[in-house]
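A.B. asks: Need coordinates for the below:
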Amino acid sequence: MQRLAASAGALRAEAVGGATADAIWSRREAAAPTFRYLTRRMVAILVACATSLVVGGAEFRRATAPSAEALRVAAQVEADNRELAAEIARPMPSPNGIDDLVAAAKLLKAAGGSGRMWPGGGPQPDLRGEQAVATANGPALARMRLGLSRECRVRPAMLAYSTHYGDLRELSRLLLAEGDAAAARGDFAAVVRSGVDAARLGNAAVRGGAIHDADVADACVRNGVWPLVRNLERLDADQCLAAASGLTSEARRRPPISAAILRERQVQRKDLTQLPSPGWAGQRWLLNPKRTERDLAGYQAAWRREADKPQALRRPVSLRRGVWTSLMLPSLERAAYTHDAATAHLCCLVAALHVRAHRLRRGALPASLAEAGVPRDMRTDPYTGEELKYRPAAGDFLLYSVGRNLRDDGGIPLPENLAEPGAGPPGDIGVARYARSADGKSIRVNPDRAPYMLPDPAVTRAAPR
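C.D. replies: Here you go, the predicted model:
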């Protein structure tokens, strides 16, 4: 009986188990489509996520990868750093003519300076004051010319915020006084010498210097050649050719503005060392000297590639502006324009000297600047890269550069006190006489102060009758 009961229990258990298995299997069969659907969806989601990660990573790498322009700038920065390191390592000339120029400026100050040239405070120097300054400063002139006969190079300590800027300007005013005093006594050979020495002084001021030194160099030339331009029509043919030869030689020795931009890096490094040390993390992110130096170096490197081109061919240069970058950014565009303006004036002056010499020797105006013997590099407009505008007519001629707006305005002189790059009022650049007011600011060019150009109608209408 017991065995029968056990057998019956086993049969019931088997029947129940079979029924349960059948039920489970049937439920599995019913849930199979849903399971397969969820599995496919999960696989699709995983594939989509993986694809998104791969594509997103590739896009991120492409977005953050340096562009071809950034790579060129980085290579230029590296090359500039090597060039600057070699420049810094180069020993100073001994004797250095800069030391003689500083000594000459001290002699000039000891003799009363150049203030006596403007006794009434007017815009024009007084001839008697100029004669007194020139007579009292023979030792300063001799010491200055000794320095100009030697190799000159600005010392690193003079690159920024140094009083030698004012000293060199004082020496250029001394050359102005000497030239005007020589013209008053009819010694035009001395006028030529003063003008050429002014160009030589400008080269001495910028050689080894930065952007501010380039501005000082242009100011030295403007001051010193004033008597030469004012008396140009009184020079004979030999004096014209001597002046043109000397100015051409100095113009060719003039360092390009890109050299001053390179040495501006030293000024920036000096300024960066004076920045306050960042404290908390936000300050370190905002006031990051290393990032500021990197941004400035890239901007300067990009500008070096463009600065020596004619203005019409320059490409715009962008800058990543950080907090300190915006504050410390030098006006490289303005420096390049000022350099262009000084070059245009110098080229026009050399061309005018050649044209006058040709007229005196041949009895007629040349048909072109090439016929007058103007060297190719001295008859090239620094704004366009084309030839200066020269138009002989009725025994007279026009001679000018198109100037900053890159338009030929017919020879109307551009006001000298407008020195910003870019589009501006009508006006061209010619042989200007650089009139300045008593406070040192430029004043508007008067028609009689811009020879070989047309009168400015605005000035002519405003002139008293």
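
A.B. asks: any idea of the pLDDT on Ala198?
C.D. replies: At Ala198, the model reports a pLDDT of 94.

A.B. asks: so where's the stretch 351-465 of the chain shaky on pLDDT?
C.D. replies: Along the stretch 351-465 of the chain, segments meeting pLDDT under 70 span 415-425, 433-449, 456-465.

A.B. asks: Okay, strands next: where are they in it?
C.D. replies: Using DSSP state E, counting those that start in this stretch, the strands assigned to the stretch 351-465 of the chain run over residues 389-393, 396-400.

A.B. asks: Buried deepest among those strands, which one?
C.D. replies: Neighbour counts (mean count of other C-beta atoms under 10 Å) averaged over each of those peak at strand 396-400, with a mean of 20. Where you see a C-beta, it was placed from the backbone N, CA and C, and this is true even at glycine.

A.B. asks: buried ones in the host helix or strand of Ala181?
C.D. replies: Ala181 belongs to helix 164-184 when assigned by DSSP states H and E. Residues of helix 164-184 classed as buried: 164-165, 167-184 (neighbour count, 16 or more other C-beta atoms under 10 Å).

A.B. asks: which stretches of the stretch 1-150 of the chain have low pLDDT?
C.D. replies: Where the stretch 1-150 of the chain drops to pLDDT under 70, the residues are 1-38, 58-67, 69-70, 73, 120-123.

A.B. asks: how about the closest residue in space to Lys389 that isn't next to it in sequence, what does it touch?
C.D. replies: Leaving aside its sequence neighbours, Lys389 sits nearest to Tyr400 (C-beta to C-beta, 6 or more residues apart in numbering; 5.3 Å). Listed by C-beta atoms under 8 Å, 6 or more residues apart in numbering, the contact partners of Tyr400 are Cys348, Leu388, Lys389, Gly411, Pro413, Asp428, Ile429, Gly430, Tyr452, Met453.

A.B. asks: hmm, which two among the residues you listed are most spread apart?
C.D. replies: Within the contacts of Tyr400, two members stand farthest from each other by C-beta to C-beta: Leu388 and Pro413, at 14.5 Å.

A.B. asks: The two: which has the busier surroundings?
C.D. replies: Shown here are Leu388 and Pro413; by other C-beta atoms under 10 Å, Pro413 has more neighbours (27 against 24).

A.B. asks: Now that the more buried one has come up, it's in contact with Pro451, right?
C.D. replies: No: with contact defined as C-beta atoms under 8 Å, Pro413 does not count as touching Pro451 (9.9 Å).

A.B. asks: any shared contact partners between the two?
C.D. replies: The contact lists of Pro413 and Pro451 share Gly430, where a contact means C-beta under 8 Å, 6+ apart.

A.B. asks: ok so, going back, could you dump the strands of the stretch 351-465 of the chain into TSV with distance to Arg254 added?
C.D. replies: Below are the strands of the stretch 351-465 of the chain laid out as TSV (distance: least, C-beta to C-beta, whole Å):
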stretch	distance to Arg254
strand 389-393	22
strand 396-400	21
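
A.B. asks: for those strands, which one sits closest to Gly138?
C.D. replies: With C-beta to C-beta as the criterion, Gly138 lies closest to strand 396-400 of the strands of the stretch 351-465 of the chain, at 36.2 Å.

A.B. asks: Just give me how far that closest one sits from the chain centre.
C.D. replies: Put simply, strand 396-400 sits 29 Å off its chain's centre (C-alpha atoms, centre = their mean, to the nearest Å).

A.B. asks: Could you export that strand as CSV, CA atoms only?
C.D. replies: Output of strand 396-400 as CSV, limited to C-alpha atoms (Å, rounded to 0.1, in the frame of the first residue of the first chain):
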residue,chain,number,x,y,z
ASP,A,396,55.5,122.7,-62.6
PHE,A,397,54.7,119.2,-61.3
LEU,A,398,52.7,117.3,-58.7
LEU,A,399,54.4,114.6,-56.6
TYR,A,400,52.7,112.6,-53.9
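
A.B. asks: before we move on, the earlier item: quick check, nearest of the contacts of Tyr400 to Ala237?
C.D. replies: Tyr452 (17.5 Å).

A.B. asks: Pop out the phi and psi values for that closest one.
C.D. replies: Torsion angles at Tyr452 (phi, psi; degrees, to the nearest 10) stand at phi 70, psi 20.

A.B. asks: Dig out what the closest residue to it other than its chain neighbours forms beta bridges with.
C.D. replies: Leaving aside its sequence neighbours, Tyr452 sits nearest to Leu399 (C-beta to C-beta, 6+ apart; 4.2 Å). Counting by DSSP bridges, Leu399 forms beta bridges with Tyr390.

A.B. asks: quick one: Pro426 from Ala105, how far?
C.D. replies: Distance, Pro426 to Ala105, using C-beta to C-beta, to the nearest Å: 40 Å.
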